[in-house]
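**Q** Fold the stuff below for me.
(chains A and B)
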Amino acid sequence: MPAGTLYRGREGMWSWVAHRVTGVLIFFFLFVHVLDTALVRVSPESYDDVVSTYKTPIVALLEYGLVAAILFHALNGLRVIAVDFWSKGPRYQKQMLWTVVGIWVVLMVGALYPVLGHAVRELFGS
Amino acid sequence: MSADTTPAKTPGVGPVEGVAVYDVDHPAPFIEAPRKRTSKTPRSTRGNFEMAAWLFMRLSGVVLVVLVLGHLLIQLVLDGGVSKIGFAFVAGRWASPFWQGWDLLMLWLAMLHGANGLRTVINDYAERPNTRLWLKGLLYTATVFTILLGTLVIFTFDPNIR
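**A** Model (predicted):
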């Protein structure tokens, strides 16, 4: 890492970095997603054709990563709002971050089967 | 106080008000308050755009948590997950004005939320004025195009296109 790019480290800075990185990733996916959905105005075949790539095992893994980014950005965004608007928010920002991480882990485990199940069945047969 | 102890007519003239910033009675230079409103200050300087943008991020963020997580639940989890998605599934959902409105609101809020986020990122990291100008121009062009395209698709969707 180049010198002078570390601000204060620890929970406060790294959650800010993660929020920024996930936000940019989600925004770039959003462009692609609006474009692929726009194919319903071209023909049902071209839409179904592109959506079929979303059902392949490799893209399923990318979808799991997208879900991970969105869930973190959503939960940490609520934490940022609490820090800004709740009088005790700044004092509890660390505890709130670890709460966010805890809920995120639970939801990611919960999303494992629904998002990746079909890919596993396709790869290893059912 | 005699005239010969005063070196000039108005020593150390203040840049804003045009009056002496110090004299015999005020030996230390007087420092103007920062951003002091004077007769030369325009009535409105910059407005509250950045504050409005800051507030928009929080308000749209709360709404997007509901809209996007609901969207993920419907598209990726319920009823067979991603396997069920196809033209017929889209046609079924957009037959209802409720889901049309859901997707339209999600499109607009997510695009504006993301565009403002990326505007902040450009402001933080692009240092040369020309780079900032071109990156923001590209960002705003792509944002307007995508919002208009998505809106057009939702409003002109035709289930009997074939």
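
**Q** what helix or strand is the residue sitting nearest the centre point of chain A on?
**A** Residue closest to the average C-alpha location in chain A (CA atoms, centre = their mean): residue A:69, at 1.6 Å. Residue A:69 belongs to helix A:57-85 when assigned by DSSP states H and E.

**Q** How far does that helix sit from its chain's centre?
**A** 4 Å (CA atoms, centre = their mean, to the nearest Å).

**Q** quick one on the thing from earlier: how close does the residue nearest to the centre of chain A get to residue B:66?
**A** For residue A:69, the distance to residue B:66 equals 18 Å [CB to CB, to the nearest Å]. Where you see a C-beta, it was placed from the backbone N, CA and C, and this is true even at glycine.

**Q** other SSEs contacting the top helix by length along chain A?
**A** With secondary structure taken from DSSP state H, chain A has its longest helix at helix A:93-124. Packed against helix A:93-124 by the contact rule (3 or more CB pairs under 8 Å, 6 or more residues apart in numbering or on different chains; DSSP states H and E) you find helix A:10-37, helix A:57-85.

**Q** which parts of it are buried?
**A** The neighbour-count criterion (16 or more other CB atoms under 10 Å in any protein chain shown) identifies A:93, A:96-97, A:100-101, A:104, A:107, A:111, A:114-116, A:118-119 as the buried residues of helix A:93-124.

**Q** quick one: that helix to helix A:57-85, angle?
**A** Helix A:93-124 and helix A:57-85 meet at an angle of 170 degrees, taking axes from the mean of the first three to the mean of the last three CA atoms, to 10 degrees as the criterion.

**Q** What residues does chain A have near chain B?
**A** A:20, A:23-24, A:26-27, A:30-31, A:34-35, A:37-38, A:40-41, A:43-44, A:47-48, A:51, A:54-55, A:60, A:63, A:67, A:70-71, A:74, A:77-78, A:80-81, A:84-85, A:111, A:114-115, A:117-118 (CB under 8 Å from any CB of the partner chain).

**Q** do that again at 7 Å, thanks
**A** By CB under 7 Å from any CB of the partner chain, the part of chain A that sits against chain B consists of A:20, A:23-24, A:26-27, A:30-31, A:34, A:37-38, A:40-41, A:43-44, A:47-48, A:51, A:54-55, A:63, A:67, A:70, A:74, A:77-78, A:81, A:84, A:114-115, A:118.
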